[in-house]
Structures are given as C-alpha cells and as structure tokens.
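Visitor: below: sequence and its predicted model.
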Amino acid sequence: MDILIYGATEIGHMVATHLCQDHNVTVIDALKSPPEKFTNLDIGFISGSGADVTALEQGNVDKIDLFIACSGLDEANVVACWTVKKIADPETICFVHSKELYKNLNSTDKYKSRYDIDVVIWPQYLLTQDIFRIISVPDAIDVEHFAEGQGKLFEYRIKENSTLINIKVMDCPFPPDVLIVGITRDNELFIPDGSTVILYDDKVIFLGTGPALDLLSARIFEQSNPIKTATVIGGGNVGFLLATKLEQAGIKVKLIEQDPDRCLFLADNLKKSLILHGNGTDLELLEGEMIGQSDVAVMVTNNDEKNLLCSLMIKQLGCERIITRVENARNMNLFERVGIDVVVSPRESALTELLNRVQRHNIDILALVEGGQGELLRIALPDDFVETRVMDIHFDVSAIIGVIQRGRRIIIPNGMTMIQPGDLLKVFTMAQNAEIIKKQFSQ
C-alpha cells in the first residue's frame, strides 16, 4: 500500500514506524529535512505543506491508497484532506484535537459530499473511552471489548495476596470460557503454555466471554465493590469527557483544575461533580479534600511530570488505584516502575483505531497491549476455508486462537473445537509475529 503522511510530529513518527515495514510510506512536512528520529525509518520525505498541490504531486498523490493528516494544526489537517480529495480519491484519515471539529466532521449524512474525510480520529476521545472501560473493572489495568461486548480482554497485575501465585496455567481455577493469552514479566510480553507458572507482579492477560470474565473478576480478584468515588486531576478535554461519563455511571467525582476560567466552564457543564480550583500537586488541597480516600484517581493533564508527581502524592495519601496519562511513550515503563497502577496514552489509543484502517479487508487489529508488544487480531475466514480442528492449525510462531465468533455466538475454543468457513477468529500474538499470522490466513 502507498501511504502519504502529512506531519513529522510525534503521532506522525509513531504511525510511520508501524507502517513503513509493510507499506511504502512518504512523509510531508514544512521542515527542510526530517527530524532525526525519522532518519532511521525506511520512508520518503518531502519538504512542503500537505495542503500544497505541488508538494502533494511530488508525493504522487494520484497513486496513493491512504492519506494521513497528523500535523500539529487541526485546520491544516482538514484542509490537506480536502485538497487531496480534489486531486484524487484515496482514503483520508484526519487527526483533530477539537471537540467542535470532531463533531462537525462527523455530521449526519445530510451534509455528506465526495470531498468528505473518511475517518476522523480524536485521540483524547479514544483515551477517555479506554480510561472509562478500565475504571469500570476494579483492579484491571487494561480492558477491551469486542463482538458488541460479548467478548472481553482483561489484564491484571498479580498481587502478593493473589491465589494464582506459583500456580501453573493449566491448574488455575478459572471459570469456563476464559483463557490466559499473554503474560508480561520484567516488561517483556510472552505467550504462555499450560506449564507456565504465574509469578508475583506478573501482568496476566485474560480473554473470554463477557459473563465469564465478569465472574473471574468477582471470584479470583474478589472485586465485589464497584467504584463509587473518583478524583480527576486536569479539566481539559479528557478530564471533562471522563467526568461526564463517570457522572452518567453514578460515580461521585471531584475534579481539580488550575485554570479559573476552565473551572467556570466545568462547573456550568458538570452538574453533579465537585469542581475544585487548584493545583493537583498542592498537598494541603489534596489532604483537605481527602483525595486519598477516593476509590480511583485519574491524572489527565497534558504534562507527564505533573501527572507523575500528582500520582505519587495521591498514592502516598492512601488511594489504591491510580490511572495516569502519559504523552511521551518513553515514559510509560518509568511510570510503571515507580508504582503507577495503570498508564494510558492517547497516541496508543489512536494507533489501534488507525491500524484497523490499513489492514487487509479480512483482518483487523482489535487491540494493542503492553505498548504494542502484543496484538489481538480479528480474522475473518473465507468461504472456501476447510473445516479444521483448533489443535490441527499449526502456527509458525507463538499465537493463541482465543475466541471464535460464529454469527451471534461466542465460542472459547479448546483443541477439539472445529473452525468453520465464515468464522471470525480473535487471535492473540506478538506484534513482531502478526504479519506471519495475517499471511497464513490470507492465503
């Protein structure tokens, strides 16, 4: 696939890094030369604007399959996508950071035209959805839903009082319809087998039906008390959207924001939340408002250092569940090493959405886990697929068929389960092996 990316930004680098191994990628940016981190990638570079016809022609825009606009300016991204559509008709993906633009560009069919942008990605909105899913499952550090909520992926860190410590995977007392598909140990993700022993501080990824994983959460991880109170540090787009969702779920919210004008906006639009004007690193404020007693605290400012400091302070005050936003992906491991329970990134949330648009027509990425080390693939089997038992499907690399979706039915397979033409498979594998799995099922 020929792909043209407008914007040598952090998002542009992330996208180019994931796509250049399997596609022809060219980056357009107003810089005279690409930033140093782009020089290690096998990509082309054009100095110019994504809205400049001359620059687009240099990028052979009439022959590309996909145009991705991810510069730092929303309006420039929109204009670039419209300009591309006037020259040719590739699929266009536009990154925005404004609620108003996102809403307007996703307007109803009444205003549709052939120049419309095909996909609009608002990373902060996707991040909000991810955080809310994680909050909805106490103690989980990652939660993904698929098959209209019938299937779920939960990730848990094994604590010192867990009944699973030093137990072999084959001996774990799981409910029916649950599989362990991945374990992260010392920051390295691997796919276990039945003899793998679960250790303290492992991060274990479970895949299964919705009811079975809910039962696992209640039985194994003893989560019977739902989240009732939450503190949100940062009242920007993510903080506001998250507080709105938490209000709708009946959760009491305290939101701390430093900007007085933004506090007025939040107070006018969040009728059930307590809006506090102040700095999330103000220990006197945190103690006075008893923030340490919150069931969960979420740090969503756009400053990594502030989010980290707030997280550590609130954890010291007694809050047992901390979720922290990180902008710089290189900080994710650091945050986890110093004890942050859950680290989330708007860029990773957006990457999953984007990668789904560039896969083969019968293969999607449902989820990225552990900073992109693992992938949950959705694979549609063709009508000419030969009916085969799971145990007879031999992968050249480590992979697990975790779920089979057959019509409206969800099946958690064992070795004797028959895979049939038309089935949708949910396959978990390592990111570096994903292409091998895709090719095996696309032949």
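Guide: Perfect, thanks for sending it. Residues are numbered from 1 along each chain as shown.

Visitor: all contacts plus neighbour counts: C-alpha atoms, from now on.
Guide: Noted.

Visitor: residues contacting residue 4?
Guide: Counting by C-alpha atoms under 8 Å, 6 or more residues apart in numbering, residue 4 makes contact with 25-28, 59, 61, 64, 66-68.

Visitor: of the residues you listed - the most surrounded one?
Guide: With neighbours taken as other C-alpha atoms under 10 Å, the top of the contacts of residue 4 is residue 28, carrying 27 neighbours.

Visitor: within the helices and strands, which one has that one?
Guide: Using DSSP states H and E, residue 28 sits in strand 24-29.

Visitor: helices or strands up against that strand?
Guide: strand 2-6, strand 44-47 (3 or more C-alpha pairs under 8 Å, 6 or more residues apart in numbering; DSSP states H and E).

Visitor: what about the first one, average pLDDT?
Guide: Within the predicted structure, the mean pLDDT of strand 2-6 is 94.

Visitor: and that strand, which strands flank it?
Guide: strand 24-29 (parallel), strand 66-69 (parallel) (DSSP bridges).

Visitor: can I get those in TSV with mean pLDDT and distance to residue 197?
Guide: As requested, the strands paired with strand 2-6 are arranged in TSV below (pLDDT from 0 to 100; distance: least, C-alpha to C-alpha, whole Å):
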stretch	mean pLDDT	distance to residue 197
strand 24-29	94	42
strand 66-69	94	44
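
Visitor: now render those strands as JSON lines, adding distance to residue 186.
Guide: Shown next, in JSON lines, are the strands paired with strand 2-6 (distance: least, C-alpha to C-alpha, whole Å):
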{"stretch": "strand 24-29", "distance to residue 186": "33"}
{"stretch": "strand 66-69", "distance to residue 186": "35"}
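
Visitor: hey, which helix or strand in the protein has the poorest pLDDT?
Guide: When each helix and strand of the chain is scored by mean pLDDT, DSSP states H and E, strand 363-369 comes last, with a mean of 73.

Visitor: and residue 31, what does it touch?
Guide: Contacts here follow C-alpha under 8 Å, 6+ apart; on that basis residue 31 touches 47-48.

Visitor: also residue 33?
Guide: Residue 33 makes contacts with 45, 47, as judged by C-alpha under 8 Å, 6+ apart.

Visitor: tell me if it really is in a strand.
Guide: No - checked against DSSP: H, G, I helix; E, B strand; the rest coil, residue 33 lies outside a strand; its state is coil.

Visitor: how many residues are close by the residue nearest to residue 178 when sequence neighbours are not counted?
Guide: With sequence-adjacent residues excluded and distances taken as C-alpha to C-alpha, 6 or more residues apart in numbering, residue 178 is closest to residue 208, at 4.5 Å. Number of residues near residue 208 (other C-alpha under 10 Å) recorded here: 28.

Visitor: which one of the helices and strands packed on strand 24-29 is the most hemmed in?
Guide: Mean neighbour count (mean count of other C-alpha atoms under 10 Å) peaks for strand 2-6 among the helices and strands packed on strand 24-29, with a mean of 24.
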